[in-house]
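Peer 1: structure for this input, please:
(chains A and B)
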Protein chains: 2
Amino acid sequence: MQDTGIIILAAGSSSRLGTAKQLLDYQQKPLVQHAVEQAMSSDPACVIVVVGADAEAVAGTLVDHDVKICYNDDWSTGMASSIRKGIEALLNDHPLLTRCIFSVCDQPFLEAHHFMQLHENQLESQKGIIASAYADTLGVPVLFSNFYFPLLQQLQGDQGAKKIIAAYPDDVVAVAFDKGSVDIDEPADLRYLIQEMVSVSEAKAIIKKHAHFVRTGIKTLSESLGYTVAEQIISKYDIPGFRQSSMDGYALKFEDHNNRLEIVGEMRAGKQSDVTLLSGQAMRVFTGAPIPTAADTVVMQERVYREGDWITVADEQLTLGMHVREKGSEAEKGTLALAQGTVLTPAALGFLAGIGCEKLLIFEPPKVAIIVTGDELKELGQPLFFGQVYDSNSIQLRAALQKAGIETVQVFHATDDPAALEKILGQALLASDLVLLVGGVSVGDYDFVVQSALAQSVRPHFHKVKQKPGKPLFFGTKDETVVFGLPGNPSSALTCFYLYVLPAIDRMMQRPDSVCYSKAVTTVDYPKNSGLTHFIKAHSMEGKVLPLHAQESYRLQSYAQANCLLVIPEESTGIVAGEEVQVIVLP
Amino acid sequence: MQDTGIIILAAGSSSRLGTAKQLLDYQQKPLVQHAVEQAMSSDPACVIVVVGADAEAVAGTLVDHDVKICYNDDWSTGMASSIRKGIEALLNDHPLLTRCIFSVCDQPFLEAHHFMQLHENQLESQKGIIASAYADTLGVPVLFSNFYFPLLQQLQGDQGAKKIIAAYPDDVVAVAFDKGSVDIDEPADLRYLIQEMVSVSEAKAIIKKHAHFVRTGIKTLSESLGYTVAEQIISKYDIPGFRQSSMDGYALKFEDHNNRLEIVGEMRAGKQSDVTLLSGQAMRVFTGAPIPTAADTVVMQERVYREGDWITVADEQLTLGMHVREKGSEAEKGTLALAQGTVLTPAALGFLAGIGCEKLLIFEPPKVAIIVTGDELKELGQPLFFGQVYDSNSIQLRAALQKAGIETVQVFHATDDPAALEKILGQALLASDLVLLVGGVSVGDYDFVVQSALAQSVRPHFHKVKQKPGKPLFFGTKDETVVFGLPGNPSSALTCFYLYVLPAIDRMMQRPDSVCYSKAVTTVDYPKNSGLTHFIKAHSMEGKVLPLHAQESYRLQSYAQANCLLVIPEESTGIVAGEEVQVIVLP
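Peer 2: Residues are numbered from 1 along each chain as shown, chains lettered A, B, ... in the order given. Sure, this is the predicted structure:
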């Protein structure tokens, strides 16, 4: 391959990753070193590494490698500057080279063999561009003949090689690179690649980071219970809109309260006109009624002597303004009545009604799809034959979603056929914000869930968690849609729902956690090996917690009696009676 | 009135009361003594007291009174025996008496004056029967002329004076006795009469005792979330219906596990036919799949060496029956699957689906009517004029009911007009299991709620509670229907809902309490006077609780921020920062 140079673009800043991805370890080597070694193994004329962000550190990992480091000080202007710098450096050393391959350093499945395939393909096809094909796209690594060098040198800003590939479709040959879509934008991607099990807390953190999609919508008060307010609600009126008595009694001028006062009328709640009040006069008023403009104080009816139409106040504790609700004292026109982020409890809805708010912006619940997989499953109501079981997952998950305030739930049933599953998943991904794949998430020969998710360009974040039950748990995202692959055993599926799915929903709805953690004292011993966090169906009452019988992951009978999950941490080797333990209170 | 004798029937056993009502104190005297003294004050020829149940004790309270005690040993056969005995005793001492009045001892509003009115009326009208009129009935005290004595002596069993009143309508004159309907069947009635405020715990106990109505109905699983099961659910099938593998692995005969085994096929989940297995053979199986009849054990796929179609087991922990779920191990046909009284959580519904249960009997939620009173109230969306406020109570109570799982809620708006309110209440009582009257429950001149409830024959149990807010709180029942009169101030109304109405609903739905009590440490001082239990809108987090601003009972703004109520007991004179206090966690 001595007629071909390889340019590795390694100048980017990995802003989504938080740390330089070029330097992340994969198989005990920094990714950039891994990429360089594969490139060199294909025996090219030269390997040029364009560095920019973290240039010194990236270059430092390559001091023992026979490559040319090309420093791009303009890296922050976009990828085009690195491409231009790379071509320039290449032609400087090898002015007569007829081909070059552009590659990157975050495709961990890229091997020397693939570079050689691109090269061979060029020799056979005599086309000017040989691109790698994956996930419905053509991209790097990509080989260009020298015809394209001047065009590459004219790219600007964020333009990349794809622009040129797209402009010359007739001169392009595609070479399959199935795992090319697996690139590294964050540590979780890497962890996925190396099949590492994540801890429970890592899994929660990863989900929290990715379940960020929110949608808002306008609702009436009666549609809003339990949702979170997505706007600052400003009061349109002064509430109350008039000075109001908070007691049944008499309105008067405070300066008059030592005199005998004549009752000149009464104002009951709902009275729609004001009345004047002179010195020496009092007005009979009732709770919620307006008080006369000239009055400033209300004395309770129990604290006066009344003779005919005259009263004498007998209230030593009476103060100016007592028992008068001032106009605007509940909500003042033009001021903040309810802050964005407030959960709409019955009290909050009553308050909003009281200030005349009819509609408001809320964070909408995600649209959810449940895809239940498994050839053995029958829907409730159908007859059951040998080898079949009733689908309980869709029933219980739908109920759990209903309890979580989710209205829109589509349920699909898929057989253990990858093509069918992929099609259903494709539909579900289009229509939903949250997809729950249930069953088939393990590594058995008929577990197609992860495979189908990847085929639908779902980006994997993890698929094994250090826990029991629910070790095989897939989590991925496609654009803003969140995808969970839950275990098929109903008990495990529900536990994973409470542990991971519900917190994701809470986050999407911008509301506090539905699941709360508490402490209780275990009444029995429960030994375990270290290595996995255990979640045990349990019943807690008055500060004590008892693990229930039938912990097997296919069994729901004990779950039906449970009100909490007892947590035994990863590193623990079990709990003993009398020990304080963590429990997760089921909502 | 020397031509008239008075017979006081005091022989009954007060079975509904649990204690002898004759002996209950009212105005510091036993009721029977009170009745005797009023009778004697009317100056009759004689007063005869018929005693039976608790005869000695009842007679004992009258030793200082000039009355004749008549012992009726047959009291348990019914009231007629006491009437017969009373007439007999009367004629024995006063054979020529022309009139007698029958009375009882549990009408605390009965006064001497009324006996005299009956007597005067007889003299004027010359009719043979002068009866008391109250609550659409004619009853005791009732005066009979001696023409009726023989008829009274022929009464049998539970027959009373009413039978004779009804038989001779032309010879009857009615004398109004408005408070005659207030009789004493239980201590709460008495407490109501003497206008005693009940404590919070007494109020709760009284509600608990009377909110006992339950209705059951058949629902499908998808309609049943959150309800309580009203039947013992027996499994119709063995679940699973076949022996099932709980792992991806190989099914084999345990006795064979030290041999090299030939893989003779595979059984995946959903496989609908059994396969045989001979010695020396193994079957590839997957989680949830049936295992061959002859197999007894499954070895995990990770614990075998496989070469082509042969495996060698490498699992020292393998035991007979491992990883096999026996037929019926989740639920055995004909046995109890889920007990009556279980709450239908998502897990319980999943379990029921799994055992093929499609429909079940549940305790239905009560039908609720909300009647909001107050001329000042406007419905949301209408323009607000001087003196008017928006009705927030119906919005917040409807939301609170929705959260409590109540589907059927009728909302009525009533003006401050007793006749209109009474009509609406009449409708609501007919159609509902639970009626919430809101506002007008106090003692202001326009507070008609208690009056309307009594007019609709709602039996009062209490109408003042030693608490703040919510001191005026009415509780009554009509037949099985429960009636609350909540304060009109929205904040007080909601607090009373959480404290009293929701527990009543929970009881009617036979489910655990929705409101739970907890402990927290207050971060500020909160002084109060002793005498009332205070419920303070507060926010608790991580074991600490902070009372919120704006505790006034008309204000909901702080309630919108609250997640609990801080409880300061009746006798307390306040709490200090750092003190552990009780909080009610809002649902």
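Peer 1: ok, how many other residues are close to the spatially closest residue to A:V576 that is not a sequence neighbour?
Peer 2: Spatial nearest neighbour of A:V576, excluding adjacent residues (C-beta to C-beta, 6 or more residues apart in numbering or on different chains): A:D525 at 4.9 Å. Where C-beta positions appear, they are placed from N, C-alpha and C, glycine not excepted. By the measure other C-beta atoms under 10 Å in any protein chain shown, the count of residues near A:D525 is 12.
Peer 1: can you give me the buried ones in stretch A:437-455?
Peer 2: Using 16 or more other C-beta atoms under 10 Å in any protein chain shown as the test for burial, stretch A:437-455 gives A:437-442, A:444, A:446-450, A:452-455.
Peer 1: contacts only, for A:T312.
Peer 2: A:260-261, A:304-305 (C-beta atoms under 8 Å, 6 or more residues apart in numbering or on different chains).
Peer 1: surely A:V36 touches A:V67?
Peer 2: Yes - A:V36 is within contact range of A:V67, at 5.7 Å (criterion: C-beta atoms under 8 Å).
Peer 1: shared neighbours of the two, anything?
Peer 2: In contact with both A:V36 and A:V67: A:47, A:49, using C-beta under 8 Å, 6+ apart.
Peer 1: show the pLDDT at A:P44.
Peer 2: On pLDDT, A:P44 comes in at 95.
Peer 1: in chain A, where is pLDDT below threshold?
Peer 2: A:15-19, A:27-28, A:186-195, A:443-446, A:550-554 (pLDDT under 70).
Peer 1: so what are the domain limits for it?
Peer 2: A:4-188, A:216-238+A:330-363, A:244-325, A:368-508, A:516-585 (automatic domain parsing).
Peer 1: closest to B:S394 out of those domains?
Peer 2: Smallest distance to B:S394 across the domains of chain A (C-beta to C-beta): 8.0 Å, for domain A:216-238+A:330-363.
Peer 1: hmm, that closest one in reach of chain B?
Peer 2: Yes - using C-beta under 8 Å from any C-beta of the partner chain, we find that domain A:216-238+A:330-363 touches chain B at A:221-222, A:225-226, A:237, A:330-331, A:337-338, A:342, A:345-356, A:358.
Peer 1: please save the CA atoms from the helix or strand hosting A:Q402 in CSV.
Peer 2: Following DSSP states H and E, one finds A:Q402 within helix A:393-403. Output of helix A:393-403 as CSV, limited to C-alpha atoms (Å, rounded to 0.1, in the frame of the first residue of the first chain):
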residue,chain,number,x,y,z
ASN,A,393,-45.6,-8.0,31.4
SER,A,394,-47.7,-5.8,29.2
ILE,A,395,-50.5,-5.8,31.9
GLN,A,396,-48.3,-4.9,34.8
LEU,A,397,-46.2,-2.4,32.9
ARG,A,398,-49.2,-0.7,31.5
ALA,A,399,-50.6,-0.5,35.0
ALA,A,400,-47.3,0.9,36.3
LEU,A,401,-47.3,3.5,33.5
GLN,A,402,-50.9,4.4,34.3
LYS,A,403,-50.0,4.9,37.9
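Peer 1: show me where the stretch 1-150 of chain A has strands.
Peer 2: When secondary structure is read from DSSP state E, counting those that start in this stretch, the stretch 1-150 of chain A shows strands at A:4-10, A:25-26, A:29-30, A:46-51, A:68-71, A:99-104, A:129-134, A:137-145.
Peer 1: who in the stretch 151-300 of chain A is up against chain B?
Peer 2: A:221-222, A:225-226, A:237, A:239-242, A:244, A:246, A:248, A:267-274, A:286-290.
Peer 1: just the buried subset of these, please.
Peer 2: Buried subset of those (neighbour count, 16+ other C-beta under 10 Å): A:221, A:225-226, A:237, A:239-242, A:244, A:246, A:248, A:267-271, A:274, A:286-290.
Peer 1: returning to what we had before: what about the residues of domain A:216-238+A:330-363 next to chain B, which are in helices?
Peer 2: Within the residues of domain A:216-238+A:330-363 next to chain B, residues falling in helices by DSSP state H are A:346-354.
Peer 1: now, among the residues you listed, which is nearest to A:A57?
Peer 2: Checking those against A:A57 by C-beta to C-beta gives A:A348 as the nearest, at 51.9 Å.
Peer 1: if you skip the residues just before and after it, what's nearest to that closest one?
Peer 2: Per C-beta to C-beta, 6+ apart, closest to A:A348 is B:A560, 3.8 Å.
Peer 1: for that neighbour, what are phi and psi?
Peer 2: Dihedral pair for B:A560: phi -60, psi -20, per degrees, to the nearest 10.
Peer 1: on that earlier part again, of the buried residues of stretch A:437-455, closest to B:E571?
Peer 2: Distances from B:E571 to the buried residues of stretch A:437-455, taken by C-beta to C-beta, are shortest for A:V438, at 55.4 Å.
Peer 1: okay, the closest one and A:D315: tell me how far apart.
Peer 2: Using C-beta to C-beta, to the nearest Å, A:V438 is found at 69 Å from A:D315.
Peer 1: again with A:L90
Peer 2: On the measure of C-beta to C-beta, A:L90 and A:D315 end up 97 Å apart.
Peer 1: so for those two, which sits in the more crowded spot?
Peer 2: Between A:L90 and A:D315, counting by other C-beta under 10 Å, A:L90 is the more crowded of the two (21 against 15).
Peer 1: beta-bridge partners for the closest residue in space to the more buried one that isn't next to it in sequence, please?
Peer 2: If the residues on either side of it in the chain are set aside, A:L90 comes closest to A:G5, at 4.8 Å by C-beta to C-beta, 6+ apart. A:G5 has the following beta-bridge partners by DSSP bridges: A:C46, A:C100.
Peer 1: which of the ones in helices among the residues of domain A:216-238+A:330-363 next to chain B lies closest to chain B?
Peer 2: When those are compared for distance to chain B (C-beta to the nearest C-beta), A:G350 wins out at 2.8 Å.
Peer 1: give me the spatial nearest neighbour of the closest one, chain neighbours excluded.
Peer 2: According to C-beta to C-beta, 6+ apart, the nearest residue to A:G350 is B:Q396 (2.8 Å).
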